[in-house]
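Engineer: can't give you the sequence, but here's the structure:
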């Protein structure tokens, strides 16, 4: 049965921007293939990256993907700002604007923020607990390739078949077949489903890793705060993502198989989509913000040269936030008619979340108090986070009041609120984390001078972009509107906001330049501990040896590495202490699964159900191969370990070309 | 990974990696509880929306439901016996009860598929109404889990035959045992809230 | 837990019999009594929860092993969230639709 696909729309034509993108994508793909072939790097690529199960490599692939996706999402944002910079511009028509704000939201949250955070978690958490990898290395690789397949599938939508256009929240009935008959929203349902499966597996992986693989002496209450937040975020992932799995599946059934979960006819309830989406969607924002809070905890304590204040209350706050995060979801749709009783209960639970968040904020401030503050780029991000996030937080409390929300809902006030929590909360944290952990990942540091330029441009640009939107919203400007009239009086603030976006973009460009400049010129002769830091990941070489630790450290206190330095314990390695290390083997199966899921997903997007079923057999085949795989890894010989350890432990500790 | 082997424990718990796999699977089951919970939530909200089409009273028959329930419950019991035999290092007893479990499970799937085909012939498909969409997806998800479990168990049996009872094969058997028991736990709620509740006299 | 040396799977047999009993009692209450609908739902619902807990402990040995406590916390939180999803959805969706 052929679907209702309009073959005319298979390749999107007629729009110069899209045509330009199609050509650019094609050229880039050809360029990459040509480049790798010319440099004869296919074997290397396969062996070192495509089949790796090393958490550090997987983390770097996540981070790279996240940065690229952040660029794409950012371009979406710039296009939106360009279109709304002046009243009644015709730069983008309504349909294209709808597609752009949809892809902007989906990409920024699911394909930029999530991989950046999960990538950093991947690199850092096993090191912080003194482990040699995660609990399930091959599953970890599978998680990455499923994310990648989902991301690629989503990204080709605007050149093949059409992008989803019903918002990142894909509300029914608009997102259903009756009102959006094209296949754009099929991409939404299927690409996010594939990526979501990968995320769920990551959640399981990190819960087991943290529970079972901590090194000797590291009880739960001695773990670094970033590990705690990553652990709790993983618990939320395991709790919330199954809900999204079901919601997306029901959306797929409604759109492709004619069921009636969320349709207007035959008894469907469109509001049920909203309910299920936010049951997942609210915990999702805590999945992104908690690891970010953990990054700030590490950065603030390291660069205040002081132990994190209030460790116990930090842990209780994180657990409290996680528990409450599952109980607030209706605040996203106060205006949908659930009535005063429901709205009141959820207003109260929502406002309650501010309390543990406030506790954390005070603990960060008390950490800085009487500390010896070092104004590195990473620390600047943490410092800017405090006032900016507080603005986002208090406007959140305003929105939490159900009755008041009838005025704010779906205005630009709401949009400003969530950008004021997401950007200072998550993006600043990721930037800070990149500057902080870059030497550990790559063996050189990002340039501090460029870093500061990046910082100031980005923070100023961010505030200039989003502060006006609070006032626009209070004046009545609504979200997801492709234009506005001259009479509305919105024009001046929209223009200011658009200018801010250009400054933001400049800041991001400086980051990209910094990455390039540092890769080319930065000193490789750096210490394993360039920041004089406090936690165990710094007790390794920079970049880290592939087996992480020749001898797993024994932990005596919080800030285990600081303790080791203070008491000169455990820092030296004796030859007789070195034993063979058992490491997992590479595998091509995760990459294969990513490819086959991508193919099956693509076929299902186009509603070629039989073909998709055939591709599903390929997925089952992969599972069968995995079941019969008894490869138990390999052993690293003592001599090799000795060589590697000698190389990094004897180095000069000076740092050159690290411009402050 | 050091050899954190404790031979005082049952075979499937003996190595550190085994213990991690088992814990990981329990966590996966926690996620599955929430997955099925969401399907139940959807069914609860939509289950009285018949759109003028067939209702539970028109369709459900207690006899078939009881057969399915007894088959699945018994299969969960025989799976428990299989694991019991495994812990007595009795490979043949393990495989015998394992195969009986799968036969009972296949019987469950057969009756369920027959039930669904019957409904379709009565004009009740998953595109008929919200009630039927949510019914078929909840039951279908469970049935698909059982079917995939049969496939997975078959692979484990092959590995048991080829390699005998080792810590790894014991762990794999234990994990699919957990999976199988879990599917019967889910069925308890399907039996109660989908069928019984809608067939109250 | 110790490896099994005794020859009879007592917990399993007891669990099986108890499950059968609970199943048939629920069947009887639902189809053969004339209690109010609400009462029936509460009774069979409770029987379901009891049978599920029984199977979790007697068939699946929920509290077994060095991770027994983690398992219980994990399953309990899963059950709690599933309950929030079901009850919350019913409540939130019950107005004016």
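Structural biologist: Received, thanks. In this text the structure is predicted, and so the values were computed from the model without any measurement. Numbering: from 1, shown residues only, chains lettered A, B, ... in the order given.

Engineer: when you work out contacts or count neighbours from here on, use the C-alpha atoms and nothing else.
Structural biologist: OK.

Engineer: residues near residue 17, how many?
Structural biologist: By default, I'm working from chain A. Residues near residue A:17, counting by other C-alpha atoms under 10 Å in any protein chain shown, number 10.

Engineer: not quite, go with chain C.
Structural biologist: Taking other C-alpha under 10 Å as the neighbour definition, residue C:17 ends up with a count of 14.

Engineer: got it, and the one 10 residues further on?
Structural biologist: A count of nearby residues for residue C:27, using other C-alpha under 10 Å, gives 22.

Engineer: that one reaches residue B:195, doesn't it?
Structural biologist: No - taking C-alpha atoms under 8 Å as the contact criterion, residue C:27 and residue B:195 are not neighbours in contact, 10.0 Å apart.

Engineer: helices and strands of chain B: which one has the lowest mean pLDDT?
Structural biologist: Taking mean pLDDT, DSSP states H and E as the measure, the helix or strand of chain B with the lowest value is helix B:56-59, at a mean of 93.

Engineer: need the residues that contact stretch B:121-133.
Structural biologist: By C-alpha atoms under 8 Å, 6 or more residues apart in numbering or on different chains, the list of residues contacting stretch B:121-133 from outside reads A:257-261, A:266-268, B:43, B:46-51, B:53-54, B:119, B:134-137.

Engineer: what's the mean pLDDT across it?
Structural biologist: Throughout stretch B:121-133, pLDDT has a mean value of 96.

Engineer: chain center to that stretch, what's the gap?
Structural biologist: The chain centre lies 24 Å from the centre of stretch B:121-133; the measure is C-alpha atoms, centre = their mean, to the nearest Å.

Engineer: identify each buried residue in it, please.
Structural biologist: Buried residues in stretch B:121-133, defined by neighbour count with 16 or more other C-alpha atoms under 10 Å in any protein chain shown: B:124-133.

Engineer: what's the answer for stretch B:147-166, then?
Structural biologist: Judged by neighbour count (16+ other C-alpha under 10 Å), stretch B:147-166 contains these buried residues: B:147, B:149-150, B:152-153, B:155-157, B:159-160, B:165.

Engineer: and those as TSV, adding pLDDT, secondary structure and distance to chain C?
Structural biologist: Putting these into TSV (pLDDT from 0 to 100; DSSP: H, G, I helix; E, B strand; the rest coil; distance: C-alpha to the nearest C-alpha, whole Å) gives the following:
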residue	pLDDT	secondary structure	distance to chain C
B:147	98	helix	20
B:149	97	helix	16
B:150	97	helix	18
B:152	97	helix	18
B:153	97	helix	17
B:155	97	helix	21
B:156	97	helix	19
B:157	97	helix	20
B:159	97	helix	22
B:160	96	helix	19
B:165	94	coil	14
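
Engineer: could you single out the nearest of those to residue A:142?
Structural biologist: Lowest distance from residue A:142 to the buried residues of stretch B:147-166 (C-alpha to C-alpha) belongs to residue B:152, with 19.1 Å.

Engineer: isn't residue A:314 up against residue A:364?
Structural biologist: No - with contacts defined as C-alpha under 8 Å, residue A:314 does not count as touching residue A:364, sitting 9.5 Å away.

Engineer: which parts of chain B sit against chain A?
Structural biologist: Counting by C-alpha under 8 Å from any C-alpha of the partner chain, the positions of chain B adjacent to chain A are B:1-2, B:17, B:20, B:23-24, B:27-28, B:30-32, B:34-35, B:38-39, B:42, B:46, B:49-51, B:126-131, B:133-134, B:155-156, B:159.

Engineer: can you pull the pLDDT of residue 47?
Structural biologist: Looking at chain A here, since you left the chain open. pLDDT, the model's per-residue confidence, is 94 for residue A:47.

Engineer: my bad, the chain I had in mind was chain C
Structural biologist: In this prediction, residue C:47 carries a pLDDT score of 96.

Engineer: swap in residue A:314?
Structural biologist: The predicted local distance difference test score for residue A:314 is 97.

Engineer: next, the contact list for the residue nearest to it when sequence neighbours are not counted, please.
Structural biologist: Distances taken as C-alpha to C-alpha, 6 or more residues apart in numbering or on different chains place residue A:360 nearest to residue A:314, at 5.9 Å, with adjacent residues excluded. Shown here is residue A:360, whose contacts under the criterion C-alpha under 8 Å, 6+ apart are A:313-314, A:317.

Engineer: tell me which residue in chain B sits closest to chain C.
Structural biologist: Ranked by C-alpha to the nearest C-alpha, the top residue of chain B for proximity to chain C is residue B:41, at 4.1 Å.

Engineer: where does chain A dip in pLDDT?
Structural biologist: Per-residue confidence for chain A (pLDDT under 70) gives these ranges: A:1-10, A:12-14, A:651-660.

Engineer: show me what from it comes close to chain B.
Structural biologist: For chain A, the contact set with chain B under C-alpha under 8 Å from any C-alpha comprises A:132, A:135, A:204-205, A:208, A:212, A:238-240, A:242-243, A:245-246, A:257-261, A:266-269, A:272, A:276, A:581-583, A:624, A:627-628.

Engineer: and those, which of them are in strands?
Structural biologist: Using DSSP state E, the members of the residues of chain A next to chain B that fall in strands are A:581-583.

Engineer: with distance to chain C added, can I get those residues in CSV?
Structural biologist: Supplementary listing: those in CSV, determined by distance: C-alpha to the nearest C-alpha, whole Å:
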residue, distance to chain C
A:581, 25
A:582, 23
A:583, 24
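
Engineer: nearest to residue A:190 among those residues?
Structural biologist: Of all these, the one sitting nearest residue A:190 is residue A:583; the distance, using C-alpha to C-alpha, is 34.8 Å.
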